[in-house]
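[1] What follows is a predicted structure for the sequence shown.
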Amino acid sequence: MAKVRLTPELMAMRAAQELPEGAVVNLGIGMPTLVANHIPPDRLVILHSENGVVGYGPFPPEGQGDPDVVNAGGEMATLKPGACFVHHADSFAIIRGGHVDVAILGAYQVSEQGDLANWMIPARGIGSIGGAADLAAGARKLIALMEHTTRDGQPRILRRCTYPLTGRRCVRLVITDLAVIEVTPRGLLLKELAPGWTAKEVQELTEPELLLAPDLRAIEV
Amino acid sequence: MAKVRLTPELMAMRAAQELPEGAVVNLGIGMPTLVANHIPPDRLVILHSENGVVGYGPFPPEGQGDPDVVNAGGEMATLKPGACFVHHADSFAIIRGGHVDVAILGAYQVSEQGDLANWMIPARGIGSIGGAADLAAGARKLIALMEHTTRDGQPRILRRCTYPLTGRRCVRLVITDLAVIEVTPRGLLLKELAPGWTAKEVQELTEPELLLAPDLRAIEV
Amino acid sequence: MSTNKVCATFREAVADLFDGAVLMIGGFGGVGGMPHYLLLALREQGARDLTIISNTMGIASAMGFGTPKGVRPVDVSILVENGQVRKAITTFPTSPSPSRPTAFELAYRRGQVELETVPQGTLTERMRAAGAGIAAFYTPTGVGTVVEQGKEKRVFDGREYILECALKSDFALIRARQADTLGNLVYRGTSRNFAPIMAMAARVTIAEVDYIVQPGELDPEAVVTTGIFVKRIVKRPSHTGGYQGMGAL
Amino acid sequence: MSTNKVCATFREAVADLFDGAVLMIGGFGGVGGMPHYLLLALREQGARDLTIISNTMGIASAMGFGTPKGVRPVDVSILVENGQVRKAITTFPTSPSPSRPTAFELAYRRGQVELETVPQGTLTERMRAAGAGIAAFYTPTGVGTVVEQGKEKRVFDGREYILECALKSDFALIRARQADTLGNLVYRGTSRNFAPIMAMAARVTIAEVDYIVQPGELDPEAVVTTGIFVKRIVKRPSHTGGYQGMGAL
């Protein structure tokens, strides 16, 4: 079986499976915004974006967007029936107040303990923290959606993050192009593998030791 | 000249003179709400009420009110063009944030230093503080509108309040049925007298010593 | 995360209110914004030892506020009289008229209930803080008065402030004008008052509304309370105009 | 307490912005909600040593956000490039793409500007606190990260929080859809974002709007920012559709 790394679209499709009916969900900038396109139309998921929209939907067709209806990445979005707008203080009240059931954020690094680093590359000397620290503090469940390794093949899932943190012990689930890993009190639990990959191969690209789920299986999207 | 105590309506008329064009004004429960009826129609004064209306007007004609448009005393009010509604947190942000130019509140007692007591009669053992403490802390100028003496003729303007305070050093002007008195760093300055009253007579009904304004004159309404 | 927020009856809407629950109840004090039918249902349901967070402890039924003689508006007094209230956190425990005391004031004098009196802006801000994930804040309200007793004081920029803590609840009973089935709410006039803030601060917010519409029927720019904050909605009887509409008994 | 809030020109609206002023600038980062014409007028007016409080430090002009090739959206970068900015308090000093740096990032690397990076919710809440008379508050955001450095930490209910202080400004430059002549504002879509909060927190709030109407023409239930918070309003040119309408240079 050929070893396949999941594309961003496939990762977004897998992440969409984590969103239960009725959940209030925040999608971070970058890859996570793709998740909006993969929520089944018959599943009622309330998408919230920190720039003040509740109830947005998939991206509009090319050229049909409204610059006054954008997501957290500044990309144009559509509105679902029942959407509404809130100002920034209310938007972060939703986040920090524990009203977001699931947040999906991109990450540079995630640690064994669920620490998240996603806002600054130390070598750049300057970074943009945006709303990520608030989501890390406030979301009931935080999912990191990230590439498993750096461009030169080094692990991004580490014993300890080496980049400045966005939040401590906040990540509950990691979805990468290679695996789905749960952060548990006992350690990182490998639950799913990208097609064609073995646990051993994923372990080699992961710094902390992975526990194997009894029902370890292939990612299905 | 006959000695006259100002009626509540006349006191409200006098208080209305303190509201400059463009001012944001909060009127407390009781006598202060009467002030709304005595603002000249051509003077733009923005009346704010802590229950969440900005830009209300005089009382409606008997029987024509709307129970969903009331003032802080629960009395029905009218809306002026450009009125809007805000929720309670925004309403008190307006108050505590220093956006109210003038507040006019009733008072049981006012002290020489401008302390205000208007929420609890100790003998009753229970009282209602409402929004008065917030107004005392937040309004840029606080005017106490009150009867000069108790029912049995004792002073309500005291060296020190004997009732529980609503706020310290917050009252800037006192308008009573007998006088208009400014709270200054040097003490209480008697500025205006009710028709037929002398400074000496008012002093006898006032505990702290009154300074006399150079232009002491009769209240005109 | 239930997606069916519409309750068929008021009884169903309050069925799980438990003994000892902390409850926010909307309304400023008069008839507007008061969740009359939820209060009536809660009296029938009978949960006891309640802590009530509300602007007044039933001044509408004490004062009447324009209702005709013999007609009495519904407010929290009906719970007090029914012995369901253990404690109040409120700004107005008493009515403006000492000769027409609230049921709560009478119960307080008999030592049957506890009372925490809080300035209105502080009460509101404490609820908002709970809803917004803020643990505590420094406010100037009440400095130099009994309000500061037992609280930390601190100077910022030369001015004294009091530390006040977030105030959350198990349930909020509020009234709105319209809801869509997702729980988005719009209000009418000054009856908006505490409802949007209580909705944020309660674990379960239950809204009593005049109309329920489909998602998309409310203007997205004019929604005041997002459905995120509302767990249950229930429609008032449509025949309740006039004083009945104001919840009169 | 002036009652004539309508300015005839953008130049007049920003005439008294002084060297060293602290300025809030609305918008999330893209073209929506950005006070384009006020920014252009401020560049012409020339006030220097400004402290800018804004969500981004000009990522729209770095990223384009859908504008055609050769067309560049107006944002705070024009002030940075003109040497008017001394310091930024912001959540996004950099653009998402390292290969398309903001003018601010380049100036920062040259040591020409100061930077305070603040989490977005904290930035917002600090501004709201200033507008609401709250001196400081305890937030969980940033605990265990560099955000907590130099700040007081405190445990409430077993959880750690950071003390953050109110953040006010001399001026706020915001954009809204419509104003009435009293300064009441309504917005459009996600372009609402920071504007209602900045309007509370600034001593002088200046709103750039598409339409100015008479008092009474806005729905009292749908006004988002009360005129109490708005000191000046100025109308955008009506001919600015398309990318011009988005403030392109």
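    Received, thanks. Source: prediction; values computed, not measured.
[2] Quick check, pLDDT for the residue of chain C positioned farthest from its centre.
    Here chain C reaches farthest from its C-alpha mean at residue C:158, the gap being 35.6 Å by C-alpha atoms, centre = their mean. Looking at residue C:158, its pLDDT reads 97.
[3] can you check residue C:96 too?
    86.
[4] Same check on residue C:2?
    pLDDT, residue C:2: 58.
[5] next one: residue C:239
    On the pLDDT scale, residue C:239 gets 55.
[6] Give me the distance between the residue farthest from the centre of chain C and residue C:140.
    Per C-beta to C-beta, to the nearest Å, residue C:158 is found 12 Å from residue C:140. Where you see a C-beta, it was placed from the backbone N, CA and C, and this is true even at glycine.
[7] what do you get for residue C:216?
    Distance, residue C:216 to residue C:140, using C-beta to C-beta: 44 Å.
[8] give me the low-pLDDT residue ranges for chain A?
    A:1 (pLDDT under 70).
[9] for it, what's the longest strand?
    Criterion DSSP state E: the longest strand present in chain A is strand A:210-218.
[10] buried stuff in that one?
    The neighbour-count check on strand A:210-218 (16 or more other C-beta atoms under 10 Å in any protein chain shown) flags A:210, A:211, A:213, A:216 as buried.
[11] Stretch C:84-99 too?
    Buried residues in stretch C:84-99, counted by 16+ other C-beta under 10 Å: C:84, C:85, C:88, C:89, C:90, C:91, C:92, C:93, C:94, C:95, C:96.
[12] and these near chain B, which?
    C:91, C:92, C:93, C:94, C:96 (C-beta under 8 Å from any C-beta of the partner chain).
[13] Return the member of these nearest to residue C:34.
    Ranked by distance to residue C:34 (C-beta to C-beta), those are led by residue C:92 at 13.5 Å.
[14] That closest one reaches residue C:29, doesn't it?
    Yes - between residue C:92 and residue C:29 a contact is recorded at 6.1 Å, counting by C-beta atoms under 8 Å.
[15] Quickly list what's touching both of these two.
    Residues touching both residue C:92 and residue C:29 (C-beta atoms under 8 Å, 6 or more residues apart in numbering or on different chains): C:55, C:56, C:59.
[16] any idea how far chain A is from the first one?
    It stands for residue C:55. 21 Å (C-beta to the nearest C-beta, to the nearest Å).
[17] ok, that residue - contacts?
    Neighbouring residues of residue C:55 by C-beta under 8 Å, 6+ apart: C:27, C:28, C:29, C:90, C:91, C:92, C:120, C:123, C:193, C:194.
[18] Also the last one?
    Residues in contact with residue C:59, defined by C-beta under 8 Å, 6+ apart, are B:74, C:29, C:75, C:92, C:94, C:95, C:96, C:102.
[19] picking that back up, partners of the longest strand of chain A in the sheet?
    strand A:187-193 (parallel) (DSSP bridges).
[20] Residue C:163 - how many residues pack around it?
    Number of residues near residue C:163 (other C-beta atoms under 10 Å in any protein chain shown) recorded here: 18.
[21] Please read the previous query as pertaining to residue C:160.
    Neighbours of residue C:160 using other C-beta under 10 Å come to 15.
[22] Surely it is in a strand?
    Yes - according to DSSP: H, G, I helix; E, B strand; the rest coil, residue C:160 belongs to a strand.
[23] Correct me if wrong: it contacts residue C:154.
    Yes - using C-beta under 8 Å, residue C:160 makes contact with residue C:154 at a distance of 7.4 Å.
[24] Let me have the buried residues of stretch C:84-99 in JSON lines, extended by secondary structure and distance to chain A.
    Shown next, in JSON lines, are the buried residues of stretch C:84-99 (DSSP: H, G, I helix; E, B strand; the rest coil; distance: C-beta to the nearest C-beta, whole Å):
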{"residue": "C:84", "secondary structure": "coil", "distance to chain A": "29"}
{"residue": "C:85", "secondary structure": "strand", "distance to chain A": "27"}
{"residue": "C:88", "secondary structure": "strand", "distance to chain A": "25"}
{"residue": "C:89", "secondary structure": "strand", "distance to chain A": "20"}
{"residue": "C:90", "secondary structure": "strand", "distance to chain A": "23"}
{"residue": "C:91", "secondary structure": "strand", "distance to chain A": "22"}
{"residue": "C:92", "secondary structure": "strand", "distance to chain A": "26"}
{"residue": "C:93", "secondary structure": "coil", "distance to chain A": "28"}
{"residue": "C:94", "secondary structure": "coil", "distance to chain A": "32"}
{"residue": "C:95", "secondary structure": "coil", "distance to chain A": "34"}
{"residue": "C:96", "secondary structure": "coil", "distance to chain A": "33"}
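[25] Among these, find me the one that's closest to residue D:68.
    Of these, the one sitting nearest to residue D:68 (C-beta to C-beta) turns out to be residue C:91, at 56.9 Å.
[26] Against residue D:139, how distant is the residue nearest to the closest one when sequence neighbours are not counted?
    Using C-beta to C-beta, 6 or more residues apart in numbering or on different chains and skipping the chain neighbours, the partner closest in space to residue C:91 is residue C:120 (4.3 Å). Residue C:120 sits 24 Å away from residue D:139, going by C-beta to C-beta.
[27] Repeat that for residue C:57.
    Relative to residue D:139, residue C:57 is positioned 32 Å away (criterion: C-beta to C-beta).
[28] go on, residue A:147?
    Counting by C-beta to C-beta, the gap from residue A:147 to residue D:139 is 31 Å.
[29] Looking at these two, which has the bigger crowd around it?
    residue D:139 (31 against 18).
[30] all strands of chain A, in order?
    Using DSSP E, strands in chain A cover A:24-27, A:46-49, A:53-56, A:79-85, A:102-105, A:109-111, A:116-117, A:141-146, A:157-158, A:171-176, A:179-184, A:187-193, A:210-218.
[31] So which residues on chain C come close to chain A?
    With C-beta under 8 Å from any C-beta as the criterion, chain C meets chain A at residues C:1-3, C:128, C:130-134, C:180-182, C:184, C:200, C:214-216, C:218, C:220-221, C:223, C:226-229.
[32] who's in contact with residue C:204?
    Residue C:204 sits in contact with C:170, C:171, C:172, C:231, C:232, where contact means C-beta under 8 Å, 6+ apart.
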